[in-house]
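> below is the sequence, then the predicted model.
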Amino acid sequence: MIESELLNKLGVSSNIFERYQMLCLPENIENQSEHLELFDASESIILCKLLKEEGVKCANSYDLGLDAKISERRGLDI
């Protein structure tokens, strides 16, 4: 399933995400279900901020209106 279909299932309109050049999506978006919480990697959020600073039209889950929690990895998880 492609990202646009996944985003549409989550209620994100295509006219929203088509404005961006790059999307930093939650890492578990492909496994989403009604009861599954979405998680953004903290590194993904940092990457999105850096890209925005350089002028790239980039969006993360917050920009798309998705309610995703932040997952921070430490030690061996990285």
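Alright, I've got the coordinates.
> any regions of this structure where pLDDT drops low?
For the chain, the stretches with pLDDT under 70 are 1-2, 32-36, 75-78.
> by residue count, what's the longest helix in it?
What stands out as the longest helix in the chain, according to DSSP state H, is helix 42-53.
> list the contacts for the spatially most central residue of the chain?
Central residue of the chain (CA atoms, centre = their mean): Leu25, 2.1 Å from the mean position. Each residue near Leu25 by CB atoms under 8 Å, 6 or more residues apart in numbering is listed here: 3, 6-7, 60-61. All C-beta spots, glycine's among them, are computed from the backbone N, C-alpha and C.
> pick the one among these closest to Ile29.
Leu6 (5.5 Å; CB to CB).
> count residues in the vicinity of that closest one, would you?
15 (other CB atoms under 10 Å).
> Cys58 now?
Neighbour count of Cys58, defined by other CB under 10 Å: 19.
> ok, it - contacts?
Counting by CB under 8 Å, 6+ apart, Cys58 touches 20-24, 48, 51-52.
> all strands of this structure, in order?
Using DSSP state E, the strands assigned to the chain run over residues 22-24, 38-41, 58-60, 68-71.
> of the ones you listed, which is nearest Asn15?
That would be strand 58-60 among the strands of the chain, by CB to CB, at 12.8 Å.
> what pairs with the closest one, parallel or antiparallel?
With DSSP bridges as the test, strand 58-60 is paired with strand 22-24 (parallel).
> in the strand it pairs with, which residues are buried?
Neighbour-count burial for strand 22-24 flags 23-24 (criterion: 16 or more other CB atoms under 10 Å).
> show me what that strand is in contact with.
With contact meaning CB under 8 Å, 6+ apart, strand 22-24 is reached by 3, 17, 40, 44-45, 47-48, 51, 56-61, 64.
> what number of residues lie near Lys49?
Lys49 sits with 12 neighbouring residues when counted by other CB under 10 Å.
> Cys24 versus that one, what's the distance?
For Lys49, the distance to Cys24 equals 10 Å [CB to CB, to the nearest Å].
> could you check how far Ala68 is from Glu37?
Applying CB to CB to Ala68 and Glu37 gives a distance of 8 Å.
> now for these two: what residues contact both?
By CB under 8 Å, 6+ apart, Ala68 and Glu37 have no common neighbours.
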